[in-house]
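>>> give me the fold of what follows.
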Amino acid sequence: MLGRVVNIFGGRGARERVTSFAELRRRFEEQQRKAAENARREEPSAKEKPAERDPNAKDIEIDFDVKNTGQTKTLNGFQTREAVMTVTVREKGKTLEQGGGMKPAIGKMTAEGARLEGTAIQTTTTMDAVAK
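The predicted structure follows:
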């Protein structure tokens, strides 16, 4: 029979429930109508009011630095070269020592001629956290 969905719930005394596509469409349209009504009833001022800034929140600055170290090494049969990316997160207008923050450094040994050019063959990560 075309135009029907059969749901069978397993377990003892399993039962079969047949629902027509027309019934599914009717349920879907009813749910859409209810959702639209709820959205209209929602208070409009709550939607338009921007979130308030936390008075204790601090602005931060993020610095990125990528350097090729010049170090080369053979790994997994590939000639690789090392690059180190350092990301510094600190309070705006202050140094790491003045305001605290974090400074992760990610070292990657990448290979030319690998299946995916520049694919990381070896990755190391170090994390420095500076408390104020």
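
>>> ok, residue 109 - how many residues close by?
Residues lying near residue 109 (other Cβ atoms under 10 Å) number 21. In this view, the C-beta of every residue, glycine as well, is placed from N, C-alpha and C.

>>> how far does the strand or helix carrying it sit from the chain's center?
Counting by DSSP states H and E, the element that carries residue 109 is strand 101-111. Centroid separation between strand 101-111 and its chain, computed with Cα atoms, centre = their mean, to the nearest Å, is 20 Å.

>>> and the helix or strand that that strand is followed by, what other elements does it pack with?
Sequence order places strand 120-130 as the next helix or strand after strand 101-111, per DSSP H and E. Applying 3 or more Cβ pairs under 8 Å, 6 or more residues apart in numbering; DSSP states H and E, one finds that strand 120-130 contacts strand 78-91, strand 101-111.

>>> which positions in whichever strand or helix holds residue 33 come out as buried?
Residue 33 is part of helix 21-41 when elements are defined by DSSP H and E. For helix 21-41, burial by neighbour count (16 or more other Cβ atoms under 10 Å) applies to no residue.

>>> so what secondary structure elements neighbour that helix?
Counting contacts by 3+ Cβ pairs under 8 Å, 6+ apart, helix 21-41 packs against strand 4-9.

>>> what's the helix or strand for residue 64?
Following DSSP H and E, one finds residue 64 within strand 60-75.
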